[in-house]
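here's my sequence, what's the structure:
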Amino acid sequence: MTVLIRRVYEHADPADGFRVYVDRLWPRGLSRERAAIDLWLKDIGPSAGLREWFDRADRFAEFSARYTAELDHDPAVGELVRIARANPVVTLLYRARSTERNHAAVLAAFLNRRA
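Next up is the predicted model:
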């Protein structure tokens, strides 16, 4: 299983495999056709309170710990694990501006530990 991450605003690539959008909010100004997602798994995104709290890059380590704690009890994780096991490549799509400090990076690391 290979888990990739990519901004949802980037063009879809055939190498993306199964594309899963993992944000609770739909990306502003992007049509579903252009997003080219296979599944919108919005329940796996960070809770509204955590998402609002994480407004500064210096909080990323604490955000990662809190989001991982949420994932430990999130039933949507089971669905994503099943998808990841059924597809050789899964790309987690996110809308955040930062390509390094975002919840999809935390989620990908979480999935790789569970594999």
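
name the SS class of Ile5, please.
Assigned state for Ile5: strand (three-state reduction, DSSP: H, G, I helix; E, B strand; the rest coil).

for it, give me its contacts.
Applying Cβ atoms under 8 Å, 6 or more residues apart in numbering to Ile5 gives the contacts Thr91, Leu92, Leu93, Tyr94, Thr99, Asn102, Ala104, Ala105, Ala108. The C-beta positions use only the backbone N, C-alpha and C, and glycine is treated the same way.

okay, and the helix or strand of this protein with the least pLDDT?
Every helix and strand of the chain was ranked by mean pLDDT, DSSP states H and E. The lowest is helix 48-53, at a mean of 88.

could I get the buried residue list for that helix?
For helix 48-53, a neighbour-count test (16 or more other Cβ atoms under 10 Å) marks Leu50, Arg51 as buried.

can you say which of the contacts of Ile5 are buried?
Buried residues within those, counting neighbours by 16+ other Cβ under 10 Å: Thr91, Leu92, Leu93, Tyr94, Asn102, Ala104, Ala105, Ala108.

from those residues, pick the one nearest Gly49.
Asn102 (17.2 Å; Cβ to Cβ).

hang on, that closest one packs against Ala108?
No - contact status for Asn102 versus Ala108: not in contact, 9.9 Å apart, counting by Cβ atoms under 8 Å.

now do the phi/psi pair for Arg85.
When read as degrees, to the nearest 10, the backbone of Arg85 gives phi -70, psi -30.

low pLDDT regions in this protein?
Low-confidence segments of the chain, defined by pLDDT under 70, span residues 115.

which residues sit against stretch 53-65?
By Cβ under 8 Å, 6+ apart, the surrounding residues in contact with stretch 53-65 are Pro46, Leu50, Arg66, Ser98, Arg101, His103, Val106.

now do the buried residues in it.
Of the residues in stretch 53-65, those scored as buried under the neighbour-count criterion (16+ other Cβ under 10 Å) are Phe54, Phe60, Phe63, Ser64.
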